[in-house]
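Visitor: Pasting the sequence and the predicted coordinates here, then a few questions.
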Amino acid sequence: MTLETKKSVFVELGKFLSQFSEEENTRNESVLGNDLFFDDFIKLILLSQSHNGWYTPEQVYFAIKSWADALTEENITKWLSQYATEFAQDDKTEKNVALILAGNIPLVGFHDFLSVLVTGNKALIKTSSNDQHLLPFLAKYLIFADESLKDKITFVEGKLENFDTVIATGSNNTARYFEYYFKDKPSIIRKNRNSVAVLNGKETKEDLENLGEDIFRYFGLGCRNVSKIFVPKGYSFDAFFEAIFKYQDVIHYEKYANNYDYNKAVFLMSNFKLLDNGFLTIKEDPSYASPISSVFYEFYENIDELQTRLEADAEQIQCIVSNNLIKNSIPFGQTQNPQLWDYADNVDTITFLLTTK
């Protein structure tokens, strides 16, 4: 497959995904493969919560729309154009790339899958037990769109074998295992990361509502979800709580409610001081990783000193949101809308796949 052919296949997938939304699934007769895939994909979306209680239709539809928006010809061309020199090299050899995927949010491993295929390599995929259906379905669609991909995609149930490189995502504990087990292979090993917000008290209600999106999307399970807020000394959380009230329905999801009840009880039994609005607790804590249904906060006195600290802690942080208070921060409400060129852990997967021998 030429690069242009690879791009066109994923553009077709983007067109397919663009038909599905929580408001309405709109069939476009010009989309390739609808007779075979359209109705079955709707069924899979609605069944996803039975496979994983966190995968509500709302969250699955959001993930699908994110990928539909990303997989346009314009975006894919912009993404890959920066690698023209690497793609043009003649000494590239096809590699078998083992992908060990997470399952915390729907299709969380799709970017790695896309990167392997678009660089002309083979994907040996070990899905998470929490997300075993969505990616295989999309893989079948891609193979339908281009049959040559059949030999490029393998889902592995048992032990991974005969691979050249590895991209593995897991917790800090599993990362230690991955690092030992794959020590003789070129690899990208991803660990726990969290995202943070930096406020100065001048945020609008819209800013804080958008911050709520960064906190509650996917129930806070993603590494791009904000789990820690930095606020200036004397900051009042009244406006924050008022703005995020629009997300109150999150407490109606049983798994979230169970976590809220449990974590709140643990905090109270430990005599921690909490702020609580009935569906989110916030607690002063120096850690970055807060439990589900809770956000940690910390006061700062000097924004430059905070910038220095965040830079020092970069390996623990996935992204930072603010109104340009911190260098390279992103706007409120955008943490779960990364572009194709926004790499997890700031590790350029395409360069790794194109240059690793």
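Guide: Noted; the coordinates are in hand.
Visitor: What is the helix or strand of the chain with the lowest mean pLDDT packed up against?
Guide: The weakest-scoring helix or strand in the chain, judged by mean pLDDT, DSSP states H and E, is helix 84-88 (a mean of 87). In terms of contacts (3 or more Cβ pairs under 8 Å, 6 or more residues apart in numbering; DSSP states H and E), helix 84-88 is packed against helix 349-355. Where you see a C-beta, it was placed from the backbone N, CA and C, and this is true even at glycine.
Visitor: roughly how far is the helix it packs on from the heart of the chain?
Guide: 20 Å (Cα atoms, centre = their mean, to the nearest Å).
Visitor: could you say what helices and strands it packs with?
Guide: Short answer (3+ Cβ pairs under 8 Å, 6+ apart): helix 349-355 packs on helix 84-88, helix 110-118, strand 165-169.
Visitor: what's the following helix or strand after the last one?
Guide: Spelled out, that is strand 165-169. Reading on from strand 165-169 to the C-terminus, the next helix or strand found by DSSP states H and E is helix 172-181.
Visitor: What residues sit buried inside that next one?
Guide: Applying a neighbour-count criterion of 16 or more other Cβ atoms under 10 Å, one finds T174, A175, F178 buried in helix 172-181.
Visitor: residue boundaries of the strands in the chain?
Guide: Along the chain, counting by DSSP state E, strands occupy 96-100, 122-126, 153-155, 165-169, 187-190, 194-198, 226-232, 274-276, 281-284, 294-300, 317-321.
Visitor: Save those strands as CSV, and put in mean pLDDT too.
Guide: Shown next, in CSV, are the strands of the chain (pLDDT from 0 to 100):
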stretch, mean pLDDT
strand 96-100, 97
strand 122-126, 98
strand 153-155, 98
strand 165-169, 96
strand 187-190, 96
strand 194-198, 98
strand 226-232, 98
strand 274-276, 96
strand 281-284, 97
strand 294-300, 98
strand 317-321, 98
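Visitor: Can you lay out those as CSV showing mean neighbour count?
Guide: Formatted as CSV, those follow (neighbours: other Cβ atoms under 10 Å):
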stretch, mean neighbour count
strand 96-100, 24
strand 122-126, 20
strand 153-155, 16
strand 165-169, 23
strand 187-190, 20
strand 194-198, 24
strand 226-232, 22
strand 274-276, 14
strand 281-284, 18
strand 294-300, 19
strand 317-321, 23
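Visitor: Which among those strands is found nearest to F37?
Guide: strand 153-155 (15.9 Å; Cβ to Cβ).
Visitor: Paired strands for that closest one, with orientation please.
Guide: strand 122-126 (parallel) (DSSP bridges).
Visitor: How confident is the prediction for D91, by pLDDT?
Guide: What the model reports for D91 is a pLDDT of 69.
Visitor: Break down this structure into its helices, ranges please.
Guide: 3-17, 34-51, 57-70, 73-81, 84-88, 110-118, 134-145, 172-181, 205-216, 238-243, 254-269, 303-312, 349-355 (DSSP state H).
Visitor: Kindly calculate the angle that the third one makes with helix 73-81.
Guide: By that I understand helix 57-70. Angle between the axes of helix 57-70 and helix 73-81 is 70 degrees (criterion: axes from the mean of the first three to the mean of the last three Cα atoms, to 10 degrees).
Visitor: In helix 57-70, which of the residues would be classed as buried?
Guide: Buried residues in helix 57-70, defined by neighbour count with 16+ other Cβ under 10 Å: Q59, V60, Y61, F62, A63, I64, K65, S66, W67, A68, A70.
Visitor: still on that earlier bit, could you dump the helices and strands packed on helix 349-355 into TSV with distance to L325 added?
Guide: Formatted as TSV, the helices and strands packed on helix 349-355 follow (distance: least, Cβ to Cβ, whole Å):
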stretch	distance to L325
helix 84-88	35
helix 110-118	28
strand 165-169	30
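Visitor: Could you find the closest non-adjacent residue to R217?
Guide: Nearest non-adjacent residue to R217, counting by Cβ to Cβ, 6 or more residues apart in numbering: Q336, 4.7 Å away.
Visitor: Retrieve the pLDDT associated with the one you found.
Guide: 97.
Visitor: for it, what are its contacts?
Guide: Contact analysis of Q336 by Cβ atoms under 8 Å, 6 or more residues apart in numbering lists F62, S66, E213, D214, R217, Y218, G222, R224, N225.
Visitor: Okay, it and I76: tell me how far apart.
Guide: 20 Å (Cβ to Cβ, to the nearest Å).
Visitor: How about E298?
Guide: With Cβ to Cβ as the criterion, E298 and I76 are 39 Å apart.
Visitor: ok, now L117?
Guide: 12 Å.
Visitor: What of A139?
Guide: Separation of A139 from I76 (Cβ to Cβ): 18 Å.
Visitor: pLDDT weak spots in the stretch 51-200 of the chain?
Guide: 91 (pLDDT under 70).
Visitor: would you turn the strands of the chain into TSV with distance to N328?
Guide: Below are these laid out as TSV (distance: least, Cβ to Cβ, whole Å):
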stretch	distance to N328
strand 96-100	28
strand 122-126	30
strand 153-155	34
strand 165-169	22
strand 187-190	19
strand 194-198	12
strand 226-232	15
strand 274-276	29
strand 281-284	25
strand 294-300	18
strand 317-321	7
